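**Student:** 3D, please:
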Amino acid sequence: MTEQEIVWQDIAGLRAALEKGTLSARDITDAFLARIERLDPDLQAFSVVYPERARDRAAQRDGARASGAAAGALEGVAVALKDLCDVEGQPTKAGTTALGQSPATSNAEVVDRLEAAGAIVLGKVKMTEGAFIEHHSSVVPPVNPWNASRWTGISSSGSGVSVAAGLCTLALGTDTGGSIRYPSASCGLSGLKPTHGRVSIRGVQALADSLDHIGPMARSARDASLAFDVLCGYDAGDPWSLADNPRPKPIPATPSARGARIGYDPRYAEEGVSAAVVESTRRALDAYRELGAEIVEFELPEVGPAIGAWLFIGSAEIANAHADAYPSRKDEYGPGLAEAIEMGRAGAAQDVARAWRERIAWTRRLEGVFEAGAATCPAGAPDGLDALLAPVVPGPFPANANLGDPGALPNGGAAMRFSGPFNLSGSPSLTMCGGFDDEGAPIGFQVVGPRLSEARLLELGAAYQDATDHHTRRPDLG
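**Tutor:** Take a look at the predicted model:
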């Protein structure tokens, strides 16, 4: 296979080539490392590349298979890690100079799981400072491979760019207020934010740990599903890990959306949203309708109080996450993250208590949308909803947009209404590409489901992608 053929293969294709002997893990690794060396000086996705480590791991996997060992679920798959995941012997910088002075003493749980399944870690990719709203002044921001003038998303910007540009097959992203969904939407990817606690965050630098989710960013729902199967599972070392964490069912060979009840709130999804995003979202609804799903119009519980609760809880937890470095290294922090930490340090316990009360109330109201017979179950859907469909970003954002700067980005705050409430509830969400705008940039949408419904969301995603081709398009990078 040529480099182009290797880097755009899906996980199933790579495994098939390995089993046939037409590719080795070393072949795959070398192809990606060569592409990174050629393209990343312009794209700026990686913060650090581990060529020797990656080639050594690939050689070990090839040797193990030659000795008769079974191939792992992600055998030979090239992976990039967001630079808040610990790798033993390497610093975890988290997009800032204030952290990551000492090398990690062990791998994050997610890194161990990926490598145990045969994946090859190529390196770490860039992110906004501390996984918040802007890149640190020491970081050259990644460039969107579809359109350099457009947003890459926060905070998993390097994860989005690296997968979209074919610099890896799979990347890890984290999502505290939208940071898997934003870059997946901006870069045309399939990004899964799992139910909070289904994937371990042990060894992952926290932003706000009761809101933090970690999950796969891939080019298809099927690849995201294969990665999620490896990542998912109880971890006794993570206090947030769910004990009630069954292994997800794989996507069926013929995925179906027939009979699924998909909710849509026109006011929530369209108010203040650009015409292109509304049109793309409605096309996704039409595609599901043609696939046999029932589209149910309903009113989502009010999200405004939930967004306020996110700010109080988030800022308090951000301050706690940085207590060892702030204010002792205050001068090294950028203004956005420093402001959030200061808000958390100054916050009253009573305000946080009220925010937690609103969080629980919002979560229970949202659960009622999905539960059969619940008082908040939408009229016309007495059996509840399987999922709801909504945009991710309200319209086109320029490169390096800062959602926290209303003067520079007046509609930036609107993005939080499509993301933050589902971090509060810990709900799973799958983001997919729903088309492209007039400037060639991707437009994403998300399907959100009840707790532990990842398998159903991923099947809905695969059914949609079998009927459309947006996820198969590639940026023209040579």
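**Student:** Next up, the contacts around the residue positioned nearest the centre of the chain.
**Tutor:** Centroid-nearest residue in the chain: Ile180, 2.3 Å away (criterion: Cα atoms, centre = their mean). When contacts are counted by Cβ atoms under 8 Å, 6 or more residues apart in numbering, Ile180 touches Ser156, Gly173, Thr174, Gly191, Leu192, Lys193, His213, Gly215, Met217, Thr431. In this view, the C-beta of every residue, glycine as well, is placed from N, C-alpha and C.
**Student:** Give me the residues contacting stretch 284-295.
**Tutor:** So stretch 284-295 is in contact with 256-264, 381, 389, 432, 434, 445, 460, 463-464, 467-468, going by Cβ under 8 Å, 6+ apart.
**Student:** Mind checking which of those residues are in strands?
**Tutor:** Counting by DSSP state E, those place Arg261, Ile262, Gly263, Tyr264, Leu389, Met432, Gly434, Phe445 in strands.
**Student:** For these, could you give me TSV that also reports pLDDT?
**Tutor:** Output for the ones in strands among the contacts of stretch 284-295, formatted as TSV (pLDDT from 0 to 100):
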residue	pLDDT
Arg261	96
Ile262	97
Gly263	96
Tyr264	97
Leu389	98
Met432	98
Gly434	98
Phe445	98
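**Student:** about what we covered before: which one (most neighbours) among the contacts of Ile180?
**Tutor:** When neighbours are counted by other Cβ atoms under 10 Å, Ser156 leads the contacts of Ile180 with 37 neighbours.
**Student:** where's that one relative to Arg26, distance?
**Tutor:** Distance of Ser156 to Arg26, computed by Cβ to Cβ, to the nearest Å: 28 Å.
**Student:** host element of Pro216?
**Tutor:** According to DSSP states H and E, Pro216 maps onto strand 213-218.
**Student:** Could you tell me the model confidence score at the residue nearest to the centre of the chain?
**Tutor:** On pLDDT, Ile180 comes in at 98.
**Student:** any idea which of the contacts of Ile180 is closest to His322?
**Tutor:** Thr174 (15.6 Å; Cβ to Cβ).
**Student:** That closest one: what secondary structure?
**Tutor:** Here Thr174 is recorded as strand under DSSP: H, G, I helix; E, B strand; the rest coil.
**Student:** quick one: it and Phe132 touch, right?
**Tutor:** No - counting by Cβ atoms under 8 Å, Thr174 stays clear of Phe132, with 11.3 Å between them.
**Student:** For these two, list the residues in contact with both.
**Tutor:** Counting by Cβ under 8 Å, 6+ apart, the residues touching both Thr174 and Phe132 are Ser155, Leu207.
**Student:** how about the strands in the stretch 351-478 of the chain?
**Tutor:** In the stretch 351-478 of the chain, strands defined by DSSP state E, counting those that start in this stretch lie at 387-391, 429-436, 442-448, listed in chain order.
**Student:** Mind checking the ones you listed for the one nearest to Val140?
**Tutor:** strand 442-448 (22.5 Å).
**Student:** Neighbouring strands - and their directions - for the closest one?
**Tutor:** When pairing is defined by DSSP bridges, strand 442-448 lines up against strand 387-391 (antiparallel), strand 429-436 (antiparallel).
**Student:** Okay, buried residues for it please.
**Tutor:** Pro442, Ile443, Gly444, Phe445, Gln446, Val447, Val448 (16 or more other Cβ atoms under 10 Å).
**Student:** Please tell me I have it right and the last one contacts Gly426.
**Tutor:** No - using Cβ under 8 Å as the test, Val448 is too far from Gly426 to be in contact (11.2 Å).
**Student:** picking that back up, max pairwise distance over the contacts of Ile180: which two?
**Tutor:** Thr174 and Thr431 (13.9 Å).
**Student:** which stretches of the stretch 51-200 of the chain aren't confidently modelled?
**Tutor:** Counting by pLDDT under 70, the stretch 51-200 of the chain shows no low-confidence range.
**Student:** switch the cut-off to 90
**Tutor:** For the stretch 51-200 of the chain, applying pLDDT under 90 flags the ranges 100-101.
**Student:** can you give me the strands in it?
**Tutor:** Using DSSP E, counting those that start in this stretch, strands in the stretch 51-200 of the chain cover 78-82, 120-125, 170-175, 190-193.
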